[in-house]
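>>> This is a predicted model, with the sequence first.
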Amino acid sequence: MSFSYKRSYTGPVTAVIFDWAGTTIDFGSLAPIKAFCALFAENGVEISLDEARAPMGAEKREHIRQILAMPRVHKAWQEAHGQPADEVVIDRLYNDFVPLQIAAIAERATLISGALETLNYLQAQQIKIGANTGYAAEMIVDLLPKAAGQGYQPASNVCAPDVPKGRPYPHMTLKNMLELEIEAVQSVVKVDDTLIGIEEGLNAGCWTVGVAISGNEVGLDLEAWQALSEAEQDSLRQQAYARFRACGAHYVIDSIADLPEVIEDIEARLACGEQP
């Protein structure tokens with residue numbers, strides 16, 4: 001016998017889970033790009049910015065694997081080294097990548113403009129704050145105190161190697177929820193500057209918010225973004241917004257500074273019985 005009863009969560013937003021680079025820190029999400037380009041250059045294979053960015057949001061060893069699997073890079077690596085990169089090579093590349101990434105993160109550890117105001121808003125609303133990332137824990141040892149010194153100290157921080165599967169699997173977000181003691185996944189908002197991060201949030205049953213301008217989809221630092229004409233900015237904005245919408249994001253914003261209005265809209269929708 002089947003029943004038509006449908007349970008709906010109608011309470012407030014209880015938690016927001018942020019990505020790190022391009023979402024809360026590092027306008028343009030340039031720290032990973034700098035490290036990946038340096039890694040491959042040191043190994044005799046130049047990669048483009050687009051190639052370095054393509055797997056963004058993935059766990060970093062997996063990111064290296066995906067770059068190596070790109071047809072052009074695969075061919076260039078074989079020409080430079082006489083054979084394709086195997087698991088031993090990928091392990092070596094990852095180990096070489098870690099110090100490069102740590103150094104790049106340290107250079108790009110500044111909170112994005114408007115982040116602190118948004119974080120203060122969430123705290124005033126008693127909304128819990130979590131974070132997750134494709135970085136490994138060893139890569140962000142110096143980042144955490146730098147962020148705390150600027151006023152950002154998430155109550156839960158999960159790194160991709162902390163869970164069985166990284167993005168697009170929901171494991172990191174679900175671990176954040178466990179650590180934050182969240183009762184209903186429908187009350188959680190996942191904010192990310194990568195498409196794979198939006199997939200993670202959707203797979204976890206959350207509301208999702210894509211960050212278009214400050215992160216991976218535009219990929220410019222603040223100075224380069226501000227140097228563009230209004231028409232150029234609008235063109236890049238429209239393209240980034242379209243990619244997030246096609247991925248299924250519930251909302252798209254320019255940067256974390258625009259999040260409070262989204263939280264208010266989500267809470268109004270929840271009160272009416274809408275679900276992610």
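Cool, got the structure. Numbers count the residues shown, from 1 in each chain.

>>> With adjacent residues omitted, what lies nearest to residue 266?
The shortest distance from residue 266 to any non-neighbouring residue, by C-beta to C-beta, 6 or more residues apart in numbering, is to residue 207 (5.4 Å). For every residue, glycine as well, the C-beta is placed using N, CA and C.

>>> Check residue 273 too.
Residue 273 sits nearest to residue 8 (C-beta to C-beta, 6+ apart), 4.3 Å away.

>>> From residue 88, how far out is the one you found?
52 Å (C-beta to C-beta, to the nearest Å).

>>> any idea of the pLDDT on the residue nearest to residue 273?
Looking at residue 8, its pLDDT stands at 89.

>>> wait, doesn't it sit right on residue 271?
No - contact criterion C-beta atoms under 8 Å: residue 8 and residue 271 do not qualify, at 10.1 Å.

>>> Can you show me the strands along the stretch 101-250 of the chain?
Remark: strands assigned in the stretch 101-250 of the chain by DSSP state E, counting those that start in this stretch are 128-133, 156-159, 188-192, 207-211.

>>> Report the angle between the first one and strand 188-192.
In other words, strand 128-133. 40 degrees (axes from the mean of the first three to the mean of the last three C-alpha atoms, to 10 degrees).

>>> Partner strands of strand 128-133, with direction?
Here strand 128-133 has these sheet partners by DSSP bridges: strand 15-18 (parallel), strand 156-159 (parallel).

>>> The last one too?
Taking DSSP bridges as the criterion, strand 207-211 sits next to strand 188-192 (parallel), strand 251-253 (parallel) in its sheet.

>>> Looking at the shortest one now, give me its mean pLDDT.
Summarised as a single mean, pLDDT over strand 251-253 is 98.

>>> which residues are contacting that strand?
Identification of contacts with strand 251-253 by C-beta atoms under 8 Å, 6 or more residues apart in numbering yields 207-212, 240-241, 244-245, 259, 262, 265-266.

>>> Now do the buried residues in it.
Along strand 251-253, these residues count as buried under the neighbour rule (16 or more other C-beta atoms under 10 Å): 251-253.

>>> likewise stretch 223-243?
So, applying 16+ other C-beta under 10 Å, buried residues of stretch 223-243: 225, 233, 236-237, 240-241, 243.

>>> what does stretch 103-115 contact?
Here stretch 103-115 has contacts from 21, 23-27, 30-32, 34-35, 38, 135, 139-140, 142-143, 146-147, 150-152, 214, 222, 255-258, using C-beta under 8 Å, 6+ apart.

>>> rerun at 6 Å
Identification of contacts with stretch 103-115 by C-beta atoms under 6 Å, 6 or more residues apart in numbering yields 24-27, 30-31, 34-35, 142-143, 146, 150, 152, 214, 255-257.
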